[in-house]
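Undergrad: got a structure for you, letters missing:
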């Protein structure tokens, strides 16, 4: 995958990095700063959604960024950044819309990282929304997931990266309707929990009162209690 030349840093709205405070967008708890030609500046074309901090003080940020691909710059891709405790960028990964895939010409930009968390081993878990065909492998490999609603509605993605930002697995959740995700958490056994809603449109996603967990290997497990 190809990244743009710019580097991005997201900091908490309560952190001061220059004499005047950096205020966050009203819908976020973080602000994006673009380091370009040695200067700091906010860049409204990029929107942070969530941050997480590990036990070593590294920060992890996800949100949406103006599309990294050359052809369809009208929309946004999902980005994930890791920043160490000194404020230095460790890595930034972008999940890009696949050229010619679902939603490439009409809804190619409506992809967004919504929530992020990290486990005790430094693995990073991201969930968000997409309505296109997206390559969720930020490295040299390919892991394409395609929106089930032909780009007309959001589907939910769940991605696990290792501490170096390499893809471990990626999963999609959704039906032919509008789906939304709000938050993500991981327990000490590596099970992943997400919350949101599914736009069913004649699809019975889970008719019972049970909970659905995602074990460490990315396979669904259901506990109907």
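TA: Okay, I see it. Nothing here was measured: the structure is a model prediction, and the numbers come from that model.
Undergrad: in this structure, which ranges drop under the pLDDT threshold?
TA: Applying pLDDT under 70 to the chain flags the ranges 1-46, 67-74, 100-109, 149-152, 175-177, 198-225.
Undergrad: With residue 119 as the reference, measure out to residue 188.
TA: In this structure, residue 188 and residue 119 are 8 Å apart, going by C-beta to C-beta, to the nearest Å. (Each C-beta comes from the backbone N, C-alpha and C, glycine too.)
Undergrad: Looking at these two now, which is surrounded by more residues?
TA: When neighbours are counted by other C-beta atoms under 10 Å, residue 119 comes out ahead of the other of residue 188 and residue 119, with 19 against 7.
Undergrad: Quick check: closest non-adjacent residue to that one.
TA: residue 186 (5.0 Å; C-beta to C-beta, 6 or more residues apart in numbering).
Undergrad: Let me know how buried the one you found is, in neighbour terms.
TA: 19.
Undergrad: Isn't it up against residue 193?
TA: Yes. Taking contacts as C-beta atoms under 8 Å, residue 186 lies within contact range of residue 193: 7.4 Å.
Undergrad: elements contacting the helix or strand hosting residue 129?
TA: Remark: residue 129 resides in strand 124-130, with elements defined by DSSP states H and E. If you count contacts as 3 or more C-beta pairs under 8 Å, 6 or more residues apart in numbering; DSSP states H and E, strand 124-130 packs onto strand 59-66, strand 76-83, strand 112-118, strand 155-161, strand 180-186.
Undergrad: Against which helices or strands is the second one packed?
TA: Under the contact definition 3+ C-beta pairs under 8 Å, 6+ apart, strand 76-83 sits against strand 7-12, strand 59-66, strand 89-97, strand 112-118, strand 124-130.
Undergrad: most neighbours per residue, which of the ones you listed?
TA: Of all the helices and strands packed on strand 76-83, strand 124-130 carries the top mean neighbour count, a mean of 27, counting by mean count of other C-beta atoms under 10 Å.
Undergrad: Next SSE downstream of that strand?
TA: strand 133-135.
Undergrad: Identify each buried residue in that following strand, please.
TA: Residues of strand 133-135 classed as buried: 133, 134, 135 (neighbour count, 16 or more other C-beta atoms under 10 Å).
Undergrad: before we move on, the earlier item: and the residue nearest to residue 119, what is it in contact with?
TA: Contact partners of residue 186, counting by C-beta atoms under 8 Å, 6 or more residues apart in numbering, are 117, 118, 119, 123, 125, 192, 193.
Undergrad: hey, what's it bridged with?
TA: residue 192 (DSSP bridges).
Undergrad: follow-up on the earlier one: right, so of the helices and strands packed on strand 76-83, which gets closest to residue 165?
TA: The closest approach between residue 165 and any of these, judged by C-beta to C-beta, belongs to strand 89-97 at 4.4 Å.
Undergrad: Check which helices and strands the closest one sits against.
TA: Going by 3+ C-beta pairs under 8 Å, 6+ apart, strand 89-97 lies up against strand 7-12, strand 76-83, strand 133-135, strand 155-161.
Undergrad: Can you tell me the strand partners of that strand and which way each runs?
TA: Sheet pairing here is set by DSSP bridges, and for strand 89-97 it gives strand 76-83 (antiparallel), strand 133-135 (antiparallel).
Undergrad: Kindly reformat those strands as TSV containing distance to residue 169.
TA: Below are these laid out as TSV (distance: least, C-beta to C-beta, whole Å):
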stretch	distance to residue 169
strand 76-83	15
strand 133-135	14
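Undergrad: wait, which of the ones you listed is closest to residue 146?
TA: Per C-beta to C-beta, nearest to residue 146 of the strands paired with strand 89-97: strand 133-135, 4.5 Å.
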